[in-house]
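Colleague: here is a sequence with its predicted model. Questions after.
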Amino acid sequence: MRGNTSIRAGALVLAIIIVLSIGAPLFAPQDPFSLNLAEGLATADWDHPFGQDKLGRDIASRVFYGGRISLMVGFAAVFISVLIGGVVGAVAGYAGGAWDEFLMRVTDVFMAFPGILLAIALMSVLEPRVGNVVLSLSAFGWVGYARLVRAQVLSLREREYVVAARAAGARPLRVVVRHILSNIISPVIVEASFGMAGAIVAEAGLSFLGLGVQPPAPSWGAMLAEGRDFLLIAPHLTLFPGIALALTVMSLNILGDGLRDLLDPAQKR
Amino acid sequence: MAEKLLEVKNLVKHFPVRGGVFSRIRDYVRAVDGISFDIAERETLGLVGESGCGKSTAGRAILRLIEPTSGEVIFKGTNIIDLEREKMRLLRREMQIIFQDPYASLNPRMTIGSIVGEPLTIHKIARGKKRDEQVAEILDKVGLRPEHMRRYPHEFSGGQRQRIGIARALALNPKVIIADEPVSALDVSIQAQVINLLQDLQKEYGIAYLVISHDLSVVQHICDRIAVMYLGEIVEIAEADELIMSPRHPYTEALLSAVPVPDPSASVKKERIILRGDVPSPVNPPSGCRFHTRCPYKEDICSIEVPPLQVLSGVHMTACHFADKIFGSSKSSGAVSA
């Protein structure tokens, strides 16, 4: 089945990236912070497989350590977004009426902003810490989930088994959690895998602009920004963090594609 | 007749039709437009009518699964329409519902044990092992086995799923069960089994049923009385046998003529009455008698004056200006031709 191949491929690449990032202290060939100005911009050798940056730091180690931040920010931002979006969407979809109207208009307001612009604005006000990066990415990230969850809740709320639960005397919380949300997890997971790819790119964007994780902490976006000045004379500075970023995003998207095919009820059997 | 267990008075459900700027309410779908009937303990009342006549809406409005627009539903002396939310929630133990589509009425992510046991948990009747024991007992009553508890709905056939739905309704030991097209989605061979099950359960537990159906042959078989609905109104209500043998409303007559007769050489030879046209829109129902646009006996007054639901004899009521003229005093339906 096509879905399974995509899932395997995506999950495999992602798993390698996760292991290398989380196990960075084990796999990184060098200390990602140790400077060696004399060897600035040096190309690859046995000790430095990806070469060294302008301060002589080991790029391979920084890519591995940077993966921790990217994955962590991506996961945390999506997690918070799903949580906020899920609650907003479920309340709007199930309560309906004035609640729905109010919550959806708020959502529309957030939708009207380009997300990354909102994040940039927030980061220019907030301290540039990892936690704040997560916060500002979640500030617009929840909107998509709110709309998705609301639409799904609307389509399920009049299902007979949901009506049956109400007829049995179930309180709204039980109806929503046990009978509605449990049945819409699949599309949310699919959306979340794409959303994580988006959040990782957005984090890289913020760091590229200097609004994200601050030096000397390694971040793929910041590494790309630093390498930009030497693009022609030392392309390896941007090449490796770029490849890491692309691979991560691609594997998440392929995984999401595969999951969608697998979980789409219309394609089952 | 036994005492009234459930009394429905002037139940109305209008759905707003929104449109235009700021989604103003432009009109109403008059799904249920003032129906009244009652059900006694252990009685089975049938509610029949064609698709879209408001039968299901009526069933759900009675249980407040859809909030009715107006009217009263009096259960054991209390008007449940006025009950506050929490009291209503507790009262749901006594009034349950069975759905038409056994594929849509069971949560695909829950095991049979938790589907049937959930009402027990909700009303804090039993939990853990004790709940499982009770669920096993109920499953046995509806002809399923205790080991089915761990399985999921997709592992069962339509008939079995309907039994699970019945078990869920039965779990709370209700006084009234509203069966919304309980067998229409099932194979004919399975229909009989499920109907028999419903009847056995009624005998054992003394449950009153409101059976909603478009199929007169089903309703005729299990009901004590039958009410016929057309476009949100009840046009005729009578003892089942009497309604079948001598309908006193042209619409009932037309419905009956559509029920196939198993024996082609049957002594009562029926003439098929084909109604002209479609069911009018419930947004803008016809004036006067709602059936006048399709009635073969229509006269001038029919489009002007609304015929009231009149008592003919005993519990037989009909809403037709010319009930006596058309059907005489008591004549078999078969002999009347359109």
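Modeller: That came through, no problem.
Colleague: touching, residue B:205 and residue B:172? I think so.
Modeller: No. Taking C-beta atoms under 8 Å as the definition, residue B:205 is not a contact partner of residue B:172, at 11.2 Å. C-beta: built from backbone N, CA, C; applies to glycine.
Colleague: spell out which parts of the stretch 101-250 of chain A neighbour chain B.
Modeller: With the criterion set to C-beta under 8 Å from any C-beta of the partner chain, the stretch 101-250 of chain A comes near chain B through A:159-161, A:163-171, A:174, A:178-179, A:182-183.
Colleague: make a PyMOL selection of the buried ones in the residues you listed.
Modeller: When burial is assessed using 16 or more other C-beta atoms under 10 Å in any protein chain shown, the buried subset of those is captured in PyMOL by this command:
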select buried, chain A and resi 159+160+161+163+164+165+166+167+168+169+170+174+178+179+183
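Colleague: which ones among the residues of the stretch 101-250 of chain A next to chain B are found in helices?
Modeller: When DSSP state H defines the helices, the subset of these inside them is A:160, A:161, A:163, A:164, A:165, A:166, A:167, A:174.
Colleague: farthest-separated two in these?
Modeller: Taking C-beta to C-beta as the measure, these span a maximum distance of 16.7 Å, between A:160 and A:174.
Colleague: tell me what angle the helix or strand harbouring residue A:146 forms with helix A:160-167.
Modeller: In this structure, residue A:146 sits in helix A:130-156 according to DSSP states H and E. Here helix A:130-156 runs at 90 degrees with respect to helix A:160-167, directions being taken by axes from the mean of the first three to the mean of the last three C-alpha atoms, to 10 degrees.
Colleague: what's the burial count for residue B:121?
Modeller: Number of residues near residue B:121 (other C-beta atoms under 10 Å in any protein chain shown) recorded here: 17.
Colleague: pretty sure it sits in a helix.
Modeller: Yes. With the criterion set as DSSP: H, G, I helix; E, B strand; the rest coil, the secondary structure at residue B:121 is a helix.
Colleague: please name the residues that touch it.
Modeller: Residue B:121 sits next to B:127, B:131 when contact means C-beta atoms under 8 Å, 6 or more residues apart in numbering or on different chains.
Colleague: of all residues in chain B, which one is nearest the centre?
Modeller: Taking C-alpha atoms, centre = their mean, the centroid of chain B lies closest to residue B:212, which sits 2.0 Å from it.
Colleague: who does it form a beta bridge with?
Modeller: Taking DSSP bridges as the rule, residue B:212 bridges to residue B:47, residue B:180.
Colleague: could you pull out the helices for chain A?
Modeller: All helices of chain A, identified by DSSP H, fall at A:2-22, A:24-27, A:59-95, A:97-112, A:115-125, A:130-156, A:160-167, A:172-174, A:185-208, A:220-228, A:236-263.
Colleague: show me what the shortest one is in contact with.
Modeller: Applying C-beta under 8 Å, 6+ apart, the external contacts of helix A:172-174 come out as A:94, A:95, A:165, B:122.
Colleague: try it again with 7 Å
Modeller: residue A:94 (C-beta atoms under 7 Å, 6 or more residues apart in numbering or on different chains).
Colleague: quick one on the thing from earlier: higher neighbour count, residue B:205 and residue B:172?
Modeller: When neighbours are counted by other C-beta under 10 Å, residue B:205 and residue B:172 differ, and residue B:172 comes out ahead with 21 against 14.
Colleague: so what's the more buried one up against?
Modeller: If you count contacts by C-beta under 7 Å, 6+ apart, then residue B:172 has B:93, B:96, B:119, B:123 around it.
Colleague: quick check, nearest of those to chain A?
Modeller: If you rank these by distance to chain A using C-beta to the nearest C-beta, residue B:119 comes first, at 4.1 Å.
Colleague: ok so, going back, check the gap between the residue nearest to the centre of chain B and chain A for me.
Modeller: When C-beta to the nearest C-beta, to the nearest Å is applied, the distance between residue B:212 and chain A equals 14 Å.
Colleague: I'd say that residue and residue B:182 touch.
Modeller: No. At 8.3 Å, residue B:212 and residue B:182 do not qualify as touching, with contact defined as C-beta atoms under 7 Å.
Colleague: next one, pLDDT for residue 95 please.
Modeller: The chain I'm using is chain A. Here the pLDDT value assigned to residue A:95 is 91.
Colleague: ah, I was thinking of chain B
Modeller: Here, the pLDDT recorded for residue B:95 equals 93.
Colleague: which strand residues bridge it?
Modeller: Beta-bridge partners recorded for residue B:95 (DSSP bridges): residue B:176.
Colleague: ok, now which ones touch it?
Modeller: Under the criterion of C-beta under 7 Å, 6+ apart, the contact partners of residue B:95 comprise B:63, B:75, B:174, B:175, B:176.
Colleague: quick one: pLDDT of the residue lying closest to the second one once chain neighbours are set aside?
Modeller: Excluding the flanking residues, the one nearest residue B:75 by C-beta to C-beta, 6 or more residues apart in numbering or on different chains is residue B:6, at 5.3 Å. Residue B:6 is assigned a predicted lDDT (pLDDT) of 93.
Colleague: cool, residue B:311 as well?
Modeller: Note for residue B:311: predicted pLDDT of 87.
Colleague: and it, how many neighbours?
Modeller: Applying the criterion other C-beta under 10 Å, we find 10 residues in the vicinity of residue B:311.
Colleague: so what's it up against?
Modeller: Residue B:311 makes contact with residue B:317, according to C-beta under 7 Å, 6+ apart.
Colleague: ditto for the one 5 residues further on
Modeller: With C-beta under 7 Å, 6+ apart as the criterion, the residues that contact residue B:316 are B:238, B:242, B:248.
Colleague: again with residue B:41
Modeller: Residue B:41 makes contact with B:2, B:3, B:5, B:206, B:208, according to C-beta under 7 Å, 6+ apart.
Colleague: how does it look with 10 Å?
Modeller: B:2, B:3, B:4, B:5, B:6, B:76, B:175, B:176, B:206, B:207, B:208 (C-beta atoms under 10 Å, 6 or more residues apart in numbering or on different chains).
Colleague: now do stretch A:44-51: distance to the chain's middle.
Modeller: Offset of stretch A:44-51 from its chain centre (C-alpha atoms, centre = their mean, to the nearest Å): 30 Å.
Colleague: mind listing the strands for the stretch 151-300 of chain B?
Modeller: Under the criterion DSSP state E, counting those that start in this stretch, strands of the stretch 151-300 of chain B are mapped to B:176-180, B:208-213, B:225-230, B:233-239.
Colleague: okay, those in a markdown table with mean pLDDT next?
Modeller: Written out in a markdown table, the entries for these read as follows (pLDDT from 0 to 100):
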| stretch | mean pLDDT |
| --- | --- |
| strand B:176-180 | 94 |
| strand B:208-213 | 94 |
| strand B:225-230 | 93 |
| strand B:233-239 | 92 |
